[in-house]
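[1] any chance you can model this:
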Amino acid sequence: MPVFASLFCKVWFLSYLVSEVVFRLQEIEGEKMRKFVRLMLVVGLISNVQAGQNFNGSRSIATASAIAQIKAPVETLSENAVPGFVTTAWLAENLDRNDVKIIDLRKTPKYNNGHIPGSISFSIGALCGPVKGVPATLLPPAILGYHWSLMGIKNDDTVVIVAPGKFQGATLLAVALKTTGHSKATVLQGGIEKWKGEKHLVSTELPKIMPSRYSVSKGHRSFIIGKDIVAQAVRTGSHTLIDARSEAYFTGAKSDEARSGRIPGALSHHCKKNFVKDSKYKELATKEALSKMFAKLVPDKNQPVILYCRTCMSATLNYMIMKCVLGYEDVSIYDGSWSEWSTITELPAVKGATD
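    Coordinates of the predicted model:
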């Protein structure tokens with residue numbers, strides 16, 4: 001009986017020790033932490049074996065069985081395994097993964113009324129601010145990385161973004177993640193409406209978040225460009241410019257900014273054209289249909305492209321499609337977009353329909 005009591009005490013203490021280690025090491029990169037914890041478990045169990053070899057070998061067998069039950073962590077999703085847009089079926093299959101983080105961009109009351117289990121509420125307005133006097137531009141990567149840390153996002157996580165109806169907010173967040181070096185960012189096709197419509201799990205519980213120490217990777221923001229590069233492209237004709245605003249804004253028939261019109265030489269591709277018409281849920285058109293649309297604008301996938309809209313949000317949808325779905329090589333986003341360009345009278349603008 002004393003032997004059993006001793007065994008129980010040692011196992012209990014080992015379990016307690018491991019739980020403390022897990023808690024204290026939450027901020028260490030996931031894979032490193034799991035390897036360390038597994039090592040601690042194995043070392044502790046082996047030492048128990050050595051201490052109890054005089055117990056007719058039965059304790060050694062039990063310990064070996066326990067070691068065999070230690071499961072290796074689920075392999076982290078590779079970048080190639082995460083498309084730019086995922087289906088509700090994909091998310092349902094991967095919902096319980098620790099390395100999948102879900103961000104819900106709806107307003108707080110709608111989020112509180114029911115969201116995908118484990119999803120984190122986030123306001124899209126937190127991504128932008130006045131940078132160098134230009135309003136509503138993407139904040140620097142260091143500030144964005146602080147947001148990711150507060151949400152518990154780690155560098156190897158796959159981030160699934162739930163749009164509030166329009167995809168543009170979700171694609172803006174995906175692009176913001178890419179500027180910090182985060183490659184595995186994807187948007188949920190059909191959003192929360194399709195998730196609920198298919199009777200998937202919904203929760204009203206707030207997730208328990210352990211802040212991370214997100215490491216921002218430098219050199220990933222070069223595709224976000226300013227007015228000087230755009231002006232040079234207009235002068236030289238080096239890039240194809242694509243305007244994501246509606247036809248009325250593109251032609252100058254309608255305007256909410258300092259001037260009406262568009263950047264000279266720009267082609268029109270309203271972001272709404274990217275979706276299935278009359279669909280019950282907000283879903284992209286097929287890859288084949290999207291390929292035909294963009295091929296008319298840019299036949300060569302190696303041709304440099306600059307995307308813009310009013311405040312760059314709609315342009316990010318065209319960006320995600322061109323880069324993540326269709327495989328265009330050289331695509332940039334003019335961050336200031338028309339809201340900046342229209343205020344600078346020295347920069348040219350044109351109106352009217354194109355040929």
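
[2] quick one: residue 302 and residue 330 touch, right?
    Yes: with contacts counted by CB atoms under 8 Å, residue 302 reaches residue 330, the gap being 6.7 Å. Any C-beta I mention is one placed from the backbone N, CA and C, and that applies to glycine too.

[3] in the protein, which spans are helices?
    2-24, 30-51, 58-68, 88-94, 108-112, 141-150, 167-179, 191-197, 227-236, 247-251, 287-297, 313-320, 337-341 (DSSP state H).

[4] hey, least reliable of the ones you listed by pLDDT?
    Here the helices of the chain differ in mean pLDDT, and the lowest is helix 58-68 at a mean of 37.

[5] show me where pLDDT drops low in the stretch 251-355 of the chain?
    355 (pLDDT under 70).

[6] now stretch 158-165, how far from the chain's geometric center?
    Put simply, stretch 158-165 sits 7 Å off its chain's centre (CA atoms, centre = their mean, to the nearest Å).

[7] ok, stretch 192-209 next?
    In terms of CA atoms, centre = their mean, the centre of stretch 192-209 is found 18 Å from the chain centre.

[8] what's it in contact with?
    88, 91-92, 95, 104, 106, 112-120, 150-152, 162, 165, 188, 190, 280-283 (CB atoms under 8 Å, 6 or more residues apart in numbering).

[9] what's the domain layout of this protein?
    According to automatic domain parsing, the chain comprises the domains 2-68, 79-197, 224-341.

[10] dump the ones you listed to TSV, plus distance to residue 209 and mean neighbour count.
    Output for the domains of the chain, formatted as TSV (distance: least, CB to CB, whole Å; neighbours: other CB atoms under 10 Å):
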stretch	distance to residue 209	mean neighbour count
domain 2-68	11	13
domain 79-197	4	19
domain 224-341	26	18
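
[11] these: which one's closest to residue 211?
    Relative to residue 211, the nearest member of these by CB to CB is domain 79-197, separated by 5.6 Å.

[12] what are the boundaries of the strands in the stretch 251-355 of the chain?
    Listed in chain order, the strands of the stretch 251-355 of the chain (DSSP state E, counting those that start in this stretch) span 267-268, 305-308, 331-334.

[13] of all those, which one is nearest residue 257?
    Checked against CB to CB, the stretch from the strands of the stretch 251-355 of the chain lying closest is strand 305-308, at 12.2 Å.

[14] tell me what that closest one is packed against?
    helix 227-236, strand 240-243, helix 313-320, strand 331-334, helix 337-341 (3 or more CB pairs under 8 Å, 6 or more residues apart in numbering; DSSP states H and E).
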